[in-house]
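> Take this sequence and fold it.
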Amino acid sequence: MKTITMLTLLILVLLNSCSSIDNSCICTQEFRMYTVLVIDNTNQPVDSLNVEIKNVKTGRLYLFLEKIYLGKGVYQVMNDSYTKEFTQWPEKVLFKGTKNGAVIESEYFFNTDECKCHVYKISGKDTLVINL
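Residues are numbered from 1 along each chain as shown. Alright, predicted model coming up:
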């Protein structure tokens, strides 16, 4: 009896995670976030960059309202809060950081799975160097 109850509970939890797009989809509860470390010419992390992340095709600016400290010089590039805006085909996203007149730009490609559960980084650098 206990096994049946546990199995029923597990099935209910899994079904509760389904996407509304396709009832055969089962999404995990994890929240994916992609970041970049920005360093200067001396390999020191750079804080206080003014950051803009933009979808090149649509011009959409992505804002990350989470006030999460990710570490010195670490910036969000994309996270799962924007899964509904992506498809299975990669979209180009431009990361632009500025500080004291110095500019760093880098391209990233993101897509999502068929169920729109998570965003996935297809390509893009993990570390960028800005010349301050």
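> Could you check which helix or strand contains the nearest residue to residue 95 once chain neighbours are set aside?
Nearest residue to residue 95 in three dimensions, chain neighbours excluded: residue 106, at 5.0 Å (CB to CB, 6 or more residues apart in numbering). Where C-beta positions appear, they are placed from N, C-alpha and C, glycine not excepted. Taking DSSP states H and E as the criterion, residue 106 maps to strand 102-112.
> so how far is that strand off the chain centroid?
In terms of CA atoms, centre = their mean, to the nearest Å, the centre of strand 102-112 is set 11 Å apart from its chain centre.
> cool, and stretch 24-39?
For stretch 24-39 - counting by CA atoms, centre = their mean - the centre lies 5 Å from the chain centre.
> which residues are contacting that stretch?
14-15, 17-19, 45-46, 49, 70-71, 73-80, 95, 97, 104, 106, 108, 110, 114-115, 117-121, 124-130 (CB atoms under 8 Å, 6 or more residues apart in numbering).
> Give the residue spans of this protein that score low on pLDDT.
For the chain, residues meeting the criterion pLDDT under 70 lie at 1-23, 66-67.
> Show me the strands in this structure, by range?
33-39, 50-55, 61-62, 74-79, 91-99, 102-112, 119-123, 127-129 (DSSP state E).
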